[in-house]
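Novice: okay, sequence plus prediction incoming.
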Amino acid sequence: MLKYTVVVLVLAIVSEQCMAQNLILAYNSCSSEFNVDMEAFNALKNGDFSNRTPLIECFGDCIVKKAGFMREDLSFNKDTIVKFVARFIKPADAGTVYEKCTSNVTPTLCVTAYDVYQCIYENTYSKWGTRINW
């Protein structure tokens with residue numbers, strides 16, 4: 001029983017670290033793919049959505065897809081989003097954020113993923129009360 005508990009705890013810790021690493025890898029991969037400058041990269045990473053251009057929207061789309069939050073068919077990966085958001089806020093609130101940000105969304109290339117990313121960030125931030133440091 002103790003061995004089983006240790007294995008479960010290790011898997012939970014590794015899984016949490018992998019989600020954060022996936023997001024960091026997605027940021028890095030997408031910033032070189034879209035040739036986004038460091039200022040725009042850091043702004044989006046830190047929740048500043050004021051510089052919204054088609055390039056930045058597609059950069060956001062790339063991040064959301066490479067991090068596993070959204071599939072190529074523009075459907076959402078609920079489990080991945082909820083687990084990621086639950087690192088910062090209560091799990092019940094993470095489910096609420098997912099529902100709020102993904103319901104009634106019209107799939108539009110680049111725009112949809114960017115909007116959902118912004119919504120998740122802002123709603124998680126409002127419940128957590130501090131900037132998210134992924």
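Specialist: Arrived safely.
Novice: OK, contacts around Ile120?
Specialist: 69, 81, 85, 97-98, 101 (Cβ atoms under 8 Å, 6 or more residues apart in numbering). In this view, the C-beta of every residue, glycine as well, is placed from N, C-alpha and C.
Novice: low-confidence regions, the protein specifically.
Specialist: Scanning the chain for pLDDT under 70 picks out 1-21, 128-134.
Novice: quick one: contacts of the host helix or strand of Lys83?
Specialist: For Lys83, the element it lies in under DSSP states H and E is helix 78-85. Contact with helix 78-85 is made by 15-16, 19, 23, 67-69, 91, 93-95, 97-98, 102, 120, 124, as judged by Cβ under 8 Å, 6+ apart.
Novice: mark which of the residues you listed are buried, thanks.
Specialist: Neighbour counting by 16 or more other Cβ atoms under 10 Å classes 19, 23, 67-69, 93-94, 97-98, 102, 120, 124 among these as buried.
Novice: just send those residues back as CSV, with secondary structure and distance to Ala43 too.
Specialist: Shown next, in CSV, are the buried ones among the contacts of helix 78-85 (DSSP: H, G, I helix; E, B strand; the rest coil; distance: Cβ to Cβ, whole Å):
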residue, secondary structure, distance to Ala43
Met19, helix, 22
Leu23, helix, 16
Ala67, coil, 18
Gly68, coil, 23
Phe69, coil, 19
Asp93, helix, 25
Ala94, helix, 24
Val97, helix, 21
Tyr98, helix, 24
Thr102, helix, 24
Ile120, helix, 16
Thr124, helix, 17
